[in-house]
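Undergrad: attaching a predicted model along with its sequence, questions to come.
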Protein chains: 2
Amino acid sequence: MRTELAELALALFVERGYEDTTVEDIAAAAGLSKRSFFRYFPSKEDVLFGDVEDLADRVADAVRARPAGEEPWAVLHAVLREWEARIHAAQWDMAALRLIESTPALRARLHQRRDGMRDRISTALRERPGTGLDTFTADLLTACAAAAIDAATREWLRHDGTDDRGELVDRAFTMLAPGP
Amino acid sequence: MRTELAELALALFVERGYEDTTVEDIAAAAGLSKRSFFRYFPSKEDVLFGDVEDLADRVADAVRARPAGEEPWAVLHAVLREWEARIHAAQWDMAALRLIESTPALRARLHQRRDGMRDRISTALRERPGTGLDTFTADLLTACAAAAIDAATREWLRHDGTDDRGELVDRAFTMLAPGP
DNA sequence: GACGTACATGTCACTCGATGACATATGCTT
DNA sequence: AAGCATATGTCATCGAGTGACATGTACGTC
């Protein structure tokens, strides 16, 4: 049902635009009442953002699981390159990404998600043994990594999904690799 | 009147929280009706974000005005270091920044602003004569610069505003300086 | 002084997202 | 059959935001 709602919603959003599609429209398309929609998703925006609740924690765990001596930036690169695919491509097709990219309300929600993730990842980064990373640096690197993922996605959309996402992420991370 | 509304709103937000303050409360505090509030500000969130409408364009102009040979990252550093003060400190005191930082809805709005600015700045960066910057690189650098500003602000808040903002921005930009 | 115009504000009604309270149905378990 | 959990519907309500229309107040001009 969740999946069905999500698919119907995306179709409607693409067809008539996000703002011009009411929650009641979506619910009706699935044969539900407005109230029931909100039992599946906490908000209209969330219908597009899959079950990314625990994802932040899993990414944070991945950060903690990286080899001990690895540089922070390399850790972020490795982890996000692997998870980026699951974050985006798995659950969102290009239509959804385009929609998000072009709808302020959805971009705002995306950022909100990122913010929550950033905190957790930044903390995980600092908790890695050995590397005495201060809060500022960890926060900065993580925010920058998020910016890299974001930029890679936008570039991917600009080229209509013909580029290799992993390679774009690599380019972004390499380009920003902090100096010694 | 705009200023008065903004000040009253901030006071109320700090006192009772953002969510627990209705637009009607703010309007009433200023002796206005709810409808009139929305004649001064397009949304509840905007009451905290000053007149930053044309600011993006002015920053973009500043980017275009930088010396010809300067590296893109150095351009962003120079311009944002100068404007960061005007963006933040001038119009927002620490209470407002804290409020924004701790309220998801407001952070979302802040990101929205940043997004709009990012596009303009990224374009300006590419329009600088001489530097054949591709869209991806310009976008990436700009997004990363925004992340730097953001991280600097958070660090500043963490230290209760005792740090020198300019110096924090410098540290962030230096740390991220892209390799050759 | 009367008139007209521009502007700020108020009032009313409405849409839409979101939430709480309560009722109903369906199906599974004991 | 009785009991219970789950899914759903209905109703009422709040708060943000918008459109339509009225009102007041100050300014000018004739």
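TA: Nice, I can see it.
Undergrad: so where do the helices sit in chain A?
TA: A:2-16, A:23-29, A:34-40, A:55-64, A:72-85, A:94-102, A:104-127, A:135-158, A:165-176 (DSSP state H).
Undergrad: against which helices or strands is the fourth one packed?
TA: In other words, helix A:55-64. helix A:72-85, helix A:104-127 (3 or more CB pairs under 8 Å, 6 or more residues apart in numbering or on different chains; DSSP states H and E). Any C-beta I mention is one placed from the backbone N, CA and C, and that applies to glycine too.
Undergrad: so, low pLDDT: which residues of chain A?
TA: Along chain A, the model assigns pLDDT under 70 to residues A:51-53, A:87-92, A:179-180.
Undergrad: around DNA strand C, pick out the residues from it.
TA: A:21, A:22, A:23, A:24, A:34, A:35, A:38, A:42, A:43, A:44, A:45 (CB under 7 Å from any atom of the strand).
Undergrad: the fourth one: neighbour count?
TA: Think residue A:24. 13 (other CB atoms under 10 Å in any protein chain shown).
Undergrad: okay, now the domains of chain A?
TA: With domains defined by automatic domain parsing, chain A comprises A:2-41, A:55-176.
Undergrad: deepest of those domains, which one?
TA: Highest mean neighbour count among those (mean count of other CB atoms under 10 Å in any protein chain shown): domain A:55-176, with a mean of 18.
Undergrad: got the residues of chain A near chain B?
TA: A:104, A:107-109, A:111-112, A:115, A:135-137, A:139-140, A:143-144, A:146-148, A:150-151, A:154-155, A:158, A:168, A:171-172, A:175-179 (CB under 8 Å from any CB of the partner chain).
Undergrad: what sits up against stretch A:29-44?
TA: A:1, A:2, A:4, A:5, A:8, A:12, A:23, A:24, A:26, A:27, A:47, A:109 (CB atoms under 8 Å, 6 or more residues apart in numbering or on different chains).
Undergrad: can you do 7 Å?
TA: A:1, A:2, A:4, A:5, A:8, A:12, A:23, A:24, A:26, A:27, A:47 (CB atoms under 7 Å, 6 or more residues apart in numbering or on different chains).
Undergrad: just these now: which is nearest DNA strand D?
TA: Relative to DNA strand D, the closest of these is residue A:1; by CB to the nearest atom of the strand it sits at 5.3 Å.
Undergrad: separation between the closest one and chain B?
TA: For residue A:1, the distance to chain B equals 27 Å [CB to the nearest CB, to the nearest Å].
Undergrad: which one is residue A:48 nearest to, not counting chain neighbours?
TA: Nearest non-adjacent residue to residue A:48, counting by CB to CB, 6 or more residues apart in numbering or on different chains: residue A:96, 5.8 Å away.
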